[in-house]
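A.B. asks: need the 3D shape of this:
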Amino acid sequence: MTREEASQILHQYTKSESLLRHARTVELVMRAYAHKLNQDPELWGNTGLLHDADYEAFPDRHPHVVVELLRERGEEEMAHAISGHYSHWGVPHNSLLDKALLGCDEITGFVVACAQVRPQRLSGLEAKSVLKKLKQASFAASVDRGEVRLGAELLQVDLGAHIDFIIQALQPHAEELQLTPVSSEASYQGNFKYQSDSR
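C.D. replies: Next comes the predicted model:
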């Protein structure tokens, strides 16, 4: 599947700006990890792009609609990874792709949430600040901290290093993601919010 084909599927089912942006951030992080781990960037990126593709249109059937669609197209690797990107669904994480998607989804949304409350947004954001926010139960309270820790464990990486890698993967795309620095007088009214309930 090409990136263009994956994008067409995403936009067929998803209209929400925040969901589209979340899909894009996870795509970027997955592509970065694919390069780091000598995997297929197209496969990994498309998996990240489509992991929540059916959530807006079919919230009660997520992720089964997009999983079935991908299986019909012969994209079993993508389908399996997406079917298990939330551990409580009980799908085994057999491949590196499976582990990476779970490992990148929740924490990428959390990193973005941390960036949004800073005047400098992604610029200068450090892993230690994100780790501190993770310990604050009231901040982005819907984020499953256990899922964040599990993701790092599955990837066999230190959580701080994992967060730092995600920040570095997103920073070159800050303008596209509406995460560039704003003046202290500016009021940020963007719709880029963490989609905690989409999984």
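A.B. asks: which neighbouring elements make contact with whichever strand or helix holds residue 42?
C.D. replies: Following DSSP states H and E, one finds residue 42 within helix 41-50. Counting contacts by 3 or more CB pairs under 8 Å, 6 or more residues apart in numbering; DSSP states H and E, helix 41-50 is packed against helix 3-13, helix 17-36, helix 76-83, helix 96-116. (C-beta placed from N, C-alpha, C; glycine too.)
A.B. asks: what about the chain, any weak spots by pLDDT?
C.D. replies: Within the chain, the ranges that satisfy pLDDT under 70 run 183-199.
A.B. asks: nearest to residue 51, out of the helices and strands packed on helix 41-50?
C.D. replies: The closest of the helices and strands packed on helix 41-50 to residue 51 is helix 76-83. By CB to CB, the value is 5.0 Å.
A.B. asks: what residues of that closest one count as buried?
C.D. replies: By neighbour count with 16 or more other CB atoms under 10 Å, helix 76-83 contains the buried residues 77-83.
A.B. asks: which non-adjacent residue is nearest residue 77?
C.D. replies: In this structure, residue 77 finds its nearest non-sequential neighbour in residue 97, 5.9 Å apart by CB to CB, 6 or more residues apart in numbering.
A.B. asks: residue 66: which element?
C.D. replies: helix 64-72.
A.B. asks: okay, angle between that helix and helix 41-50 too, please.
C.D. replies: Per axes from the mean of the first three to the mean of the last three CA atoms, to 10 degrees, the angle that helix 64-72 makes with helix 41-50 is 150 degrees.
A.B. asks: now do helix 64-72 and helix 3-13, the angle between them.
C.D. replies: Relative orientation of helix 64-72 versus helix 3-13 (the same axes, to 10 degrees): 150 degrees.
A.B. asks: export helix 64-72 as CSV, just CAs?
C.D. replies: Output of helix 64-72 as CSV, limited to C-alpha atoms (Å, rounded to 0.1, in the frame of the first residue of the first chain):
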residue,chain,number,x,y,z
HIS,A,64,-12.5,-3.6,13.5
VAL,A,65,-13.7,-1.7,10.4
VAL,A,66,-10.2,-0.6,9.3
VAL,A,67,-8.7,-4.0,10.2
GLU,A,68,-11.2,-5.8,8.0
LEU,A,69,-10.6,-3.4,5.2
LEU,A,70,-6.9,-3.9,5.4
ARG,A,71,-7.2,-7.7,5.5
GLU,A,72,-9.4,-7.5,2.4
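A.B. asks: and the angle for it with helix 76-83?
C.D. replies: Helix 64-72 and helix 76-83 are oriented at 170 degrees to each other (the same axes, to 10 degrees).
A.B. asks: distance between helix 64-72 and the chain's centre?
C.D. replies: 19 Å (CA atoms, centre = their mean, to the nearest Å).
A.B. asks: tell me the buried residues in the helix holding residue 42?
C.D. replies: Taking 16+ other CB under 10 Å as the criterion, helix 41-50 shows 43-50 as buried.
A.B. asks: over to stretch 53-67?
C.D. replies: 53-56, 62-63, 65-67.
A.B. asks: quick revisit: from the buried residues of helix 76-83, which two are the most distant?
C.D. replies: 77 and 83 (11.0 Å).
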